[in-house]
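In: Got a sequence here, can you build the structure:
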Amino acid sequence: LTLSEPHREREPWRIQWPRVPREILGGFARVSLTAATVWATVALFLSIVPLYAESFGETRNLAVLAAVAALALLASAATQVVAQRRNPSVRLSQAVGLTILASGLVLLVLAAPLRSLGLVVAGSLAAGIGHGLGFLNAQQELNEIAPGERRGEVTSAFIACIYALVATAVIGTGLLDEWFSLSVSVGTVAIGLVLCALAGAGWQAVDQ
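Out: Numbers count the residues shown, from 1 in each chain. The predicted model follows:
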């Protein structure tokens, strides 16, 4: 309420569709892959992983299982606070974040055959750190490459990409669970996200 807005001519209200200018398509695809992968991973932890962890039989305490899921978001928030103070390369930070995220997903997959809640906790922590680094820097880079007058359209397209992979990962896990065990379903989707994360990390590193 107290911030002054820059004076500019107001355009008439109209529906604006998500659009990406041709000249930034490459950069947009790269940061969208980062953001979609990290959010799909955290969505998996928040939606399916508590039930997945419960299946190990170590605990049925709902507070503990919820805390395991919430740990990813808490780790992400803490990571973003620390990362903002250091101001590293946005592309390198995305690559590092995606690599850490991939390691968290691998721990999640290994937790089922080893029946280890501890591995799920470690995976949630790693996924959260990767999410924090990846999403913070993907959003920052998007803000830098998007033309000022098109930023709303570009951001809408960016968010649509995120939701597309989030829905695919979570709903896909549920559909797989109709035919396979929960551990196989989570493991399959997690491995798919690992491949997305490693592909994204490689793209960020190559495109330095």
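In: From now on I want contacts and neighbour counts done on CA atoms only, so please keep to that.
Out: Noted.
In: In stretch 173-181, which residues are buried?
Out: Neighbour-count burial for stretch 173-181, with 16 or more other C-alpha atoms under 10 Å as criterion, is recorded at 173, 174, 176.
In: For residue 195, see how far away the residue nearest the centre of the chain is.
Out: Computing the C-alpha centroid of the chain and ranking residues by C-alpha atoms, centre = their mean puts residue 38 first, at 1.7 Å. For residue 38, the distance to residue 195 (C-alpha to C-alpha, to the nearest Å) stands at 12 Å.
In: just residue 149 next, same as before
Out: 35 Å.
In: And these two? Which one has more around it.
Out: Taking other C-alpha atoms under 10 Å, residue 149 and residue 195 do not tie; residue 195 has more neighbours (14 against 8).
In: list the buried ones in whichever strand or helix holds residue 165?
Out: Using DSSP states H and E, residue 165 maps to helix 151-177. By neighbour count on 16+ other C-alpha under 10 Å, the buried set for helix 151-177 is 151-158, 161-163, 165-166, 169-170, 172-174, 176.
In: helix or strand right after that helix?
Out: helix 182-206.
In: now that next one against helix 151-177, angle please.
Out: Using axes from the mean of the first three to the mean of the last three C-alpha atoms, to 10 degrees, the inter-axis angle of helix 182-206 relative to helix 151-177 is 150 degrees.
In: The residue nearest to residue 145 when sequence neighbours are not counted: neighbouring residues, count only.
Out: If the residues on either side of it in the chain are set aside, residue 145 comes closest to residue 24, at 6.8 Å by C-alpha to C-alpha, 6 or more residues apart in numbering. Neighbours of residue 24 under the rule other C-alpha under 10 Å: 14.
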